[in-house]
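Colleague: here is my input, please return the structure:
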Amino acid sequence: MPIAGLTGGLSWAALIVIVPLVGALLTGLWPRAGGWVALVVALLTLGTTLGGALHVWWQGPEIHALGGWEAPLGIALVLDGLAAFMLLLTSVVGLFVTLYALGYVGRQERSGRFWVLWLWLWAAMNALYLSGDVFNLYVTLELVVLASVALVALASGGPALVASMRYLLLSLLGSLAYLMGVALLYGAYGALDLITLAEQVTPGHLLMMVAALMTVGLMAKTALFPLHGWLAPGHGSAPAAASPILSALVVKVSFYLMLRLWLTLFPDLATPALGVLMGGLGGAAVIWGGIMAMAADRLKPFVAYSTVAQVGYLALFFPFMLAVPGGWRAVVFFAAAHACAKATVFMAAGTLQRAAGHDRMSELADVMRGRPISSFAMGIAGAGLVGLPFTGGFIAKWLLVETAIAGDVWPWAVVVVVGGLLAGAYVFRLLGPAFLAGRGSPGRPIAGIMEWSTLGMALVSIALGFAGAASLQLLDATVTGPGGL
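Modeller: Residues are numbered from 1 along each chain as shown. As a prediction, the model looks like this:
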């Protein structure tokens, strides 16, 4: 889609990055008030993001030139449909996670560090979604990784430290592969701006090497099978207030970047063989993650392995963008449905773990019966992961199956259905004991806001089911390359 216009000065795009960045600085200066500063920042960020999305909706995409300097000399922020959708998703999930963290983190010794890292991560994610050149995408991606690793390391104990170091090292390898691709692009074309590169790149061995390096590096960061080994230990070891951020939002960042590159720079390299390969890896992730979730005996690793399975669906954008024009939009909507559901599950899991004092699934039934709000929210989110009606997950999987059938690539529809059945099996394994006869015990006291924010996040996953048409219409305002799909 063409760009509506070039703007300077202060714009929605600039505000969306500035607000959480200023919030991170303020929480560093006043750590005792960090939670309330974060809440105000979350509300302001949601407002600015909504304003930016409405601007794209009514006027189309725009470029904001920082300092008035246009590319290639200046840094450009591109606000289009895809960026606006991901920013809005991040803001909605971020608001409920912030509310949850107010109760979970409280006035703990490391609470100030959590708020600084969370808002810094939020600013970095927003900046990445808006970045308009391949090098600044790299810079913002590294800021996301560093903040995420630090959030994992906030949990006390050796396992958290090991998991954070494993996450860091694998992410650095992925970043190195991506940066090598950036260097090759700059050496060949003398440009870093995505729109400029899209007009200059031509299919060939060099572009194929660049695409391979960047894609493999981003696959590692997305935890796409078989490069998923870091995800379950990292997300499972993180503090309960950080796990929903990592699983619902951070893994979507590298997926977004992969999608953006293939829509803008590499559409001419997409072939049916590549679609089969990437779709096959996604299908393997769905099966493997589901099996590992069934075998898990602790709650947080269980939820983390289900993320491995759900991430597999994201790889279907490769065969879908070849099969149907705009078919990738179904995968983006699925990413949003997964983010809402998975944030809810991790928040409920953190509540139940704190109330019970452990996360052994075989011993959680009494606490689940004694905490009906958290259990009900987890049930709604579980229905979304399975794809049951009246949830965003149902609409998302319906769109996936519909796209696969419309593009005559029905094997991927089979993958979606089988994945839904596996999800039903492991969600039933989690929730089933709570419905058996027995006493209920609320366990240890917890802050009420933890349960109510979790329920609110679950209700958002239902509301998303009624926003499918509007979401797809917003995604139509996405800037792609000359051969974009």
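Colleague: now for L464: which residues touch it?
Modeller: L464 is in contact with 336-337, 340, 391-392, 395, 471, counting by C-beta atoms under 8 Å, 6 or more residues apart in numbering. Every residue, glycine included, has its C-beta placed from N, CA and C.
Colleague: find the nearest non-adjacent residue to L192, please.
Modeller: When the adjacent residues along the chain are set aside, L192 lies closest to D133, with 4.2 Å between them (C-beta to C-beta, 6 or more residues apart in numbering).
Colleague: mind checking how far the one you found is from M214?
Modeller: Distance check for D133 against M214: by C-beta to C-beta, to the nearest Å, it reads 14 Å.
Colleague: of the two, who's got more company?
Modeller: Here D133 and M214 are set side by side on neighbour count (other C-beta atoms under 10 Å), and the busier one is M214, at 28 against 22.
Colleague: model confidence for the more buried one, exactly?
Modeller: In the predicted model, M214 carries a pLDDT score of 90.
Colleague: checking my notes, it in a helix, right?
Modeller: Yes - assigned with DSSP: H, G, I helix; E, B strand; the rest coil, M214 falls within a helix.
Colleague: elements contacting the longest helix anywhere in the chain?
Modeller: With DSSP state H applied, the helix covering the greatest number of residues in the chain is identified as helix 158-189. Applying 3 or more C-beta pairs under 8 Å, 6 or more residues apart in numbering; DSSP states H and E, one finds that helix 158-189 makes contact with helix 134-153, helix 194-200, helix 205-222, helix 231-237.
Colleague: and the second one, how far out from the chain's middle?
Modeller: What it means is helix 194-200. Its chain's C-alpha centre lies 26 Å from the corresponding centre of helix 194-200 when counted by C-alpha atoms, centre = their mean, to the nearest Å.
Colleague: show me which positions of that helix end up buried.
Modeller: If you call a residue buried by 16 or more other C-beta atoms under 10 Å, then helix 194-200 has these buried ones: 194-198.
Colleague: quick one: mean pLDDT over that helix.
Modeller: So the average pLDDT for helix 194-200 ends up being 84.
Colleague: output the contacting helices and strands for that helix.
Modeller: Identification of packing neighbours for helix 194-200 by 3+ C-beta pairs under 8 Å, 6+ apart yields helix 158-189, helix 251-264.
Colleague: deepest-packed of the helices and strands packed on helix 158-189, please.
Modeller: The highest mean neighbour count among those, using mean count of other C-beta atoms under 10 Å, belongs to helix 231-237: a mean of 26.
Colleague: after that one, next one along is what?
Modeller: Counting by DSSP states H and E, the next helix or strand C-terminal to helix 231-237 is helix 243-245.
Colleague: list the buried residues of that following helix.
Modeller: Applying 16+ other C-beta under 10 Å to helix 243-245 flags 243-245 as buried.
Colleague: of those, closest to L455?
Modeller: Minimum distance to L455 across these is 13.9 Å, recorded for P244 (C-beta to C-beta).
Colleague: rebuild the helices and strands packed on helix 194-200 as a markdown table, extending it with distance to N126.
Modeller: Written out in a markdown table, the entries for the helices and strands packed on helix 194-200 read as follows (distance: least, C-beta to C-beta, whole Å):
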| stretch | distance to N126 |
| --- | --- |
| helix 158-189 | 19 |
| helix 251-264 | 10 |
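Colleague: out of those helices, which is closest to V415?
Modeller: helix 251-264 (17.2 Å).
Colleague: gap between that closest one and the chain center?
Modeller: That offset, for helix 251-264, works out to 11 Å (C-alpha atoms, centre = their mean).
Colleague: so which bits of the next helix or strand after it are buried?
Modeller: For helix 251-264, the following helix or strand on the C-terminal side (DSSP H and E) is helix 272-295. Within helix 272-295, the residues scored as buried using 16+ other C-beta under 10 Å are 274-276, 278-290, 292-293.
Colleague: and the gap between the closest residue to D476 other than its chain neighbours and V251?
Modeller: Computed as C-beta to C-beta, 6+ apart, the closest residue to D476 that is not its neighbour in sequence is G81, at 6.1 Å. Using C-beta to C-beta, one gets 21 Å for the distance from G81 to V251.
Colleague: kindly report the same for A423.
Modeller: To V251, A423 is 17 Å away according to C-beta to C-beta.
Colleague: how about A330?
Modeller: When distances are taken as C-beta to C-beta, A330 and V251 turn out to be 18 Å apart.
Colleague: wait, doesn't V345 sit right on G382?
Modeller: Yes - the pair formed by V345 and G382 meets the contact definition of C-beta atoms under 8 Å, at 7.0 Å.
Colleague: specify the local secondary structure of G440.
Modeller: Here G440 is coil, with the state taken from three-state DSSP.
Colleague: how many residues are close by the closest residue in space to it that isn't next to it in sequence?
Modeller: Leaving out its chain neighbours, the residue that sits closest to G440 by C-beta to C-beta, 6+ apart is R369, at 3.3 Å. By the criterion of other C-beta under 10 Å, R369 has 19 neighbours.
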